[in-house]
Every structure is written in C-alpha cells, then in structure tokens.
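Enquirer: based on what follows, work out the 3D shape:
(4 chains)
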2 protein chains.
Amino acid sequence: MMATAGLGTRDRLVFTARDYLDAEGLDGIGLREIARRAGVSHGAPLRHFPALSALLAAVAAVGFRDLMASVDAAILPVPFDDPVARLAAASFGYVRFAQSHPGVFGLMFRADLCDTTDAEYIAEGGAAFGQLVDLVRDAQDAGFHPDAVTTELSGALWATMHGLASLHLHGALAPTTGQTDLDALVRLANSLVFATSPQPLEDTP
Amino acid sequence: MMATAGLGTRDRLVFTARDYLDAEGLDGIGLREIARRAGVSHGAPLRHFPALSALLAAVAAVGFRDLMASVDAAILPVPFDDPVARLAAASFGYVRFAQSHPGVFGLMFRADLCDTTDAEYIAEGGAAFGQLVDLVRDAQDAGFHPDAVTTELSGALWATMHGLASLHLHGALAPTTGQTDLDALVRLANSLVFATSPQPLEDTP
DNA sequence: GCCATCATGTAGACAGTGTCTACTCATTGC
DNA sequence: GCAATGAGTAGACACTGTCTACATGATGGC
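Expert: Just a heads-up that it's a prediction; the model follows:
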C-alpha cells in the first residue's frame, strides 16, 4: 500500500488503482471503484484521463518500471563477467514480479483494458524490452547463440518466461505439472535454454 | 462460420459465441450479444447455463478440442520414428491455432470470463495437456532430456509456445523483435530448446 | 381425454458499469 | 475587477449480467 497523501489527484488515481490491483487483483477494477477509493466523485478521473483505458495504461506504465526494477534486483548479485548467468537470473526477476503483483502484471498485457497507443505505455514497455535486449546482447557476445538476431532471440526468451508467468497466474500449471513452485519450473526452462548452449560456457582446455 | 440450423438452443448458443469470437474477437462478447445473434431473447441463455461464464466455459471446451485437432494435424506428416521432430511440430500446431482463432484462444485462458470449475472445461483442458505429455514422453524415450519429470518438462515447453502465442496476439512481438512471422520465432524457440539436446539425436558410432 | 408438471422462452426490473453534459467553484492572468 | 480556465460534482444515458414473474408447449400419469 502506497501513501497517496500529498499527491495530485491524477497521481493519486494511478497509485490507488495500483493498490487496488495488488489487493484485489484484476477482477472488479473500474473507473467508479478507483474513484471511490481515491475519495473523489465518479466523474473526476475523466478530468485527468480521456477514458478508463488511459488511466489503466498509466498504471501499466508504472508496472513496466517496477518490472525493470525487479529484473535489476535479480541480476544485481550475479557478477558482470558471466552474462549468461545474468540473463538466466533475469528470468527469475520477471516471474517474481508477476507473482508478487499479479494484478498489475495481468493488466500490462491486456489490450482491451489498457490504451496500448498511450505514449508512456509504449515508452516504458519498450524500455523493459530494451533491458532484456541488452542482457541478451551481452550473452551473445559471450557465446550464447551468437548467430541469432538479438531482438528475435530476446523475443523467444521473453516468451518462455512470459508463458510460465501467465500460465502460473491462470492456475494452469499447478494441477497439470503437479509443480507448485514456479521457481523450479523457471530453473527447468533455464536448463532447457541455457545449459545446453552450442558454445560451452566454461573454457575446456 | 458454422451452420447452427437443426441444433438445440444450447448448442446453437455455444457455436454462435464461437462464430462471434472468430469474427469479432474477444472484445464486446456478452450474454445479450450472443442471444441476439442466436435469435433468442436475452434471458434465454440462462435457461441453459447458470451464468455467462458457464456458456463461455463450454465455448472454451470446444476450443480445447479444436486445439488438439490443430496439433494432431501438425504432427500428422512427421514420421513416428522421430518423436523429437513430432514434438517440435506440435509447437506449430499450437501457435497456428492461436493465430487462426485468436478470440477463442484468448478466451480459453481467461479465468475471469470462463467458469474454470466447469467439468467439461477441466476435462478438455486436461486432455489437451495430456496430448502434450504423451508427445514429451515419447521424446524423452528417444533421449530428449530423459531425466526431467515429464509433466514439468511438458509445462516448460507449453509455456514457451503459450508465451509466443500470447505475446503475438497482444501485438507485443512485432514492434519489438521486428519479426512479423510468428513461425520464424517458433523455429527459433525450437532451435533453442531442441537443437541442442544433451543426448545427440543421431547415432554417433 | 384431461390435468398437472416441467422445461423453455419472453419481458421487465434492478443494480452496476463507462461516458457525456450541465453546473459549481476556485485560481489565474490581464 | 473580471473573464477565462481547470477541476470536481451530480445526474443522465445506454449498456451490461442476473433475477423474477409470466406465458406456452410438451410430457406423463390417471
């Protein structure tokens, strides 16, 4: 829960919505509910956003920043001289953000709720992908699939972690795989993708 | 578009909803809209389903059957004696279904729209995952990550293709990766996962 | 044959939604 | 001092899913 005192109405609406998503999830969020919790009338949000989808796009943009922070935190303890390990660690940062903020994470990829043409939404989403691309480029320089197109390789790796996070939040993985520990599935996916790199990671004298 | 003449009202509602999803996508679907298109009053669907979410769960169950058929069609031309190639081919069946029926595919993984406790929904979803597990088991017998837990390995592979399909439908992949051909990304993801199997696929005498 | 029962469909009501509009009020700039 | 603007309120509107009362038609028991 974030303190919203001292903020302007616009920012208070954004952070109220974020708090709602963290507390109640994606279900039941709406313009009137956000306005109620922010202590303003149901028409007030439309003075700051042209529609609900614009407000939610602003919330999603904050979510992309928080996602990048979660990835940063995950790779922080991994030494710079092991770029593949840093990339693998980023996976945990991604799914852990999805796990700790399922409402915001779900919102970020819902085009029917977010105005995906919003400039801030596009900018923050692009920055988050850029963070991944940088990690992938370093890994490629260290011998990880060096011939692949960096953005495409990034997209494939992104999809793997995004799929794990999405299916986990949907509740589809636990009853089918029998595995309730998402970290274990990430480790397995990482071992599929990273452990068998065509270029060996260690020097083999 | 499926002919709905001669069907009972219940089935006509399900197939009308499926036609709507194929034609218009997930946005704007609703109980009253389905009833209008099926030519019945807005209250009629509730005589056959306790709520809209139950009707949509029935639509999703049909979707799981269609998904299985798409995967079956994709592996059909691949010979039985190459289980890893069959598994790789299944990936294309999965994403191609998502591409050709984005509305139904999106619905199938939306717990806020579908009643995920519906018996038929659970049964068909489980059957679809079982189809994947069988393919994975055969691949493991042929040397593909033979030590992994089959259901967990299946979940990880499912997540990769599910993530590609989801992000593609969200429109996130094209502007970031620059790649508009989803099949190319599936090939790349497959090459990440399959090409570098720890056990060589060919005999190395 | 008749009558009760039940399944099915209709129409209206109700509470809820997002958005639009008219109105109020405080602040700002000239 | 006053016009103009930004911000907030309250009510309306069309729409939604669900509930209820009612009509109708088929079925089964006597």
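
Enquirer: for chain A, just list every one of the helices.
Expert: If DSSP state H is used as the criterion, the helices of chain A fall at A:9-24, A:31-38, A:52-75, A:83-100, A:102-108, A:119-141, A:150-170, A:173-177, A:182-193.

Enquirer: and those helices as TSV, adding mean pLDDT and distance to chain B?
Expert: C-beta coordinates here come from the backbone N, C-alpha and C atoms, glycine included. Formatted as TSV, the helices of chain A follow (pLDDT from 0 to 100; distance: least, CB to the nearest CB, whole Å):
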stretch	mean pLDDT	distance to chain B
helix A:9-24	97	12
helix A:31-38	97	15
helix A:52-75	98	11
helix A:83-100	97	10
helix A:102-108	98	9
helix A:119-141	97	5
helix A:150-170	96	3
helix A:173-177	84	4
helix A:182-193	94	4
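
Enquirer: save these as CSV, and put in mean neighbour count and distance to DNA strand D too.
Expert: Compiled in CSV, these are given as follows (neighbours: other CB atoms under 10 Å in any protein chain shown; distance: least, CB to the nearest atom of the strand, whole Å):
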stretch, mean neighbour count, distance to DNA strand D
helix A:9-24, 19, 3
helix A:31-38, 18, 7
helix A:52-75, 21, 12
helix A:83-100, 21, 28
helix A:102-108, 23, 20
helix A:119-141, 18, 17
helix A:150-170, 24, 20
helix A:173-177, 20, 24
helix A:182-193, 20, 31
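
Enquirer: so which of those comes closest to B:D72?
Expert: helix A:173-177 (19.1 Å; CB to CB).

Enquirer: name the helices or strands packed onto that closest one?
Expert: With contacts taken as 3 or more CB pairs under 8 Å, 6 or more residues apart in numbering or on different chains; DSSP states H and E, helix A:173-177 sits against helix A:150-170, helix A:182-193, helix B:119-141, helix B:150-170.

Enquirer: 6 Å instead?
Expert: If contacts are counted by 3 or more CB pairs under 6 Å, 6 or more residues apart in numbering or on different chains; DSSP states H and E, helix A:173-177 sits against helix B:150-170.

Enquirer: about what we covered before: now the helices of chain A in JSON lines, with distance to B:Y121?
Expert: Output for the helices of chain A, formatted as JSON lines (distance: least, CB to CB, whole Å):
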{"stretch": "helix A:9-24", "distance to B:Y121": "24"}
{"stretch": "helix A:31-38", "distance to B:Y121": "28"}
{"stretch": "helix A:52-75", "distance to B:Y121": "28"}
{"stretch": "helix A:83-100", "distance to B:Y121": "23"}
{"stretch": "helix A:102-108", "distance to B:Y121": "20"}
{"stretch": "helix A:119-141", "distance to B:Y121": "32"}
{"stretch": "helix A:150-170", "distance to B:Y121": "12"}
{"stretch": "helix A:173-177", "distance to B:Y121": "12"}
{"stretch": "helix A:182-193", "distance to B:Y121": "23"}
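
Enquirer: can you pull the contacts of the closest residue in space to A:G155 that isn't next to it in sequence?
Expert: Excluding its sequence neighbours, the residue lying closest to A:G155 (CB to CB, 6 or more residues apart in numbering or on different chains) is B:T177, at 3.8 Å. The contact partners of B:T177, by CB atoms under 6 Å, 6 or more residues apart in numbering or on different chains, come to A:T151, A:E152, A:G155.

Enquirer: switch to 10 Å and redo it
Expert: By CB atoms under 10 Å, 6 or more residues apart in numbering or on different chains, B:T177 lies in contact with A:129, A:133, A:149-156, A:158-159, B:167-168, B:184-185, B:188.

Enquirer: repeat that for A:F92.
Expert: A:S70, A:V71, A:A73, A:A74, A:I75, A:M161, A:L182, A:D183, A:V186, A:R187, A:N190.

Enquirer: wait, the last one touches A:S91, no?
Expert: Right, A:N190. Yes: counting by CB atoms under 10 Å, A:N190 does reach A:S91; the two are 5.9 Å apart.

Enquirer: joint contacts of those two?
Expert: Shared contacts of A:N190 and A:S91, counting by CB under 10 Å, 6+ apart, come down to A:L157, A:T160, A:M161.

Enquirer: what's the closest non-adjacent residue to the residue nearest the centre of chain A?
Expert: The centroid of chain A falls nearest to A:L67 when counting by CA atoms, centre = their mean (4.4 Å). Of all residues not flanking A:L67 in the chain, A:F97 sits nearest, at 4.9 Å (CB to CB, 6+ apart).

Enquirer: show the contacting residues for the one you found.
Expert: Residues in contact with A:F97 (CB under 10 Å, 6+ apart) are A:63-64, A:66-71, A:73-74, A:104-105, A:108, A:165.

Enquirer: out of those, which one sits closest to DNA strand C?
Expert: Nearest to DNA strand C among the contacts of A:F97: A:V104, at 16.7 Å, using CB to the nearest atom of the strand.

Enquirer: measure the closest one to A:D147 for me?
Expert: For A:V104, the distance to A:D147 (CB to CB, to the nearest Å) stands at 36 Å.

Enquirer: next up, the contacts around A:G155.
Expert: Applying CB under 10 Å, 6+ apart, we find A:G155 in contact with A:129, A:132-133, A:136, A:149, A:162, B:163-164, B:167-168, B:172-174, B:176-179, B:185, B:188-189.

Enquirer: again, only using 7 Å
Expert: By CB atoms under 7 Å, 6 or more residues apart in numbering or on different chains, the contact list for A:G155 reads B:L173, B:T176, B:T177, B:Q179, B:L185.

Enquirer: distance-wise, check it relative to A:P79.
Expert: 26 Å.

Enquirer: same question, A:F194
Expert: 16 Å.

Enquirer: same deal with A:T150?
Expert: For A:T150 relative to A:P79 (CB to CB), the value is 22 Å.

Enquirer: who's more crowded, A:F194 and A:P79?
Expert: The neighbour comparison of A:F194 against A:P79 (other CB atoms under 10 Å in any protein chain shown) goes to A:F194, with 20 against 9.

Enquirer: I figured that one hits A:R86, correct?
Expert: No: here A:F194 does not reach A:R86: they are 11.0 Å apart, not a contact under CB atoms under 7 Å.
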